[in-house]
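S.K.: Turn this into a model:
(one chain, ligands or ions: 1)
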Amino acid sequence: MLEITKQSIEKATAKARIAKPLVKVIEFRRYSVTNRETGATYEVRFTKIGGRKFGECNCKATKICYHISSCLPINAVLASQMIQTA
Ligand SMILES: [Zn+2]
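M.R.: Okay, here's the model as predicted:
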């Protein structure tokens, strides 16, 4: 698991804006991310531990990858809906 901070996602966010992968929601905090060019699909999961956010992806990257950063906006929207309905 990799900690999600402004610094750690900076490069990945820039790459996600260019790559624009296809993000599908599997369930809250679990997403499927498909590279539009290669068709490769990866699974991204998020966890929150003591107010810190972590993400993991099953691609080869050892740092926060653009698959993880691509899911963050939708995860934030879903998280805010969860709070409202809770
Ligand atoms: Zn990845």
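S.K.: C-alpha only now, for contacts and for neighbours.
M.R.: Will do.
S.K.: how about residue 34, what does it touch?
M.R.: 21-23, 40-42 (Cα atoms under 8 Å, 6 or more residues apart in numbering).
S.K.: Excluding sequence neighbours, find me the nearest residue to it.
M.R.: residue 41 (4.2 Å; Cα to Cα, 6 or more residues apart in numbering).
S.K.: do residue 31 as well
M.R.: residue 25 (4.7 Å).
S.K.: Can you tell me the SS state at that neighbour?
M.R.: Here residue 25 is recorded as strand under DSSP: H, G, I helix; E, B strand; the rest coil.
S.K.: distance of it from residue 34?
M.R.: 12 Å (Cα to Cα, to the nearest Å).
S.K.: buried residues in stretch 36-47?
M.R.: Buried residues in stretch 36-47, counted by 16 or more other Cα atoms under 10 Å: 41-47.
S.K.: now, which of these sits nearest residue 78?
M.R.: Nearest to residue 78, judged by Cα to Cα, of these is residue 46 at 12.2 Å.
S.K.: List the residues that contact the closest one.
M.R.: Contacts of residue 46 by Cα under 8 Å, 6+ apart are 29-30, 53-56.
S.K.: Pull the most distant pair out of those.
M.R.: Going by Cα to Cα, the pair spanning these furthest: 30 and 53, at 13.6 Å.
S.K.: didn't residue 54 look like it was pressed against residue 47?
M.R.: Yes: the pair residue 54 / residue 47 is scored as a contact, 5.2 Å apart, by Cα atoms under 8 Å.
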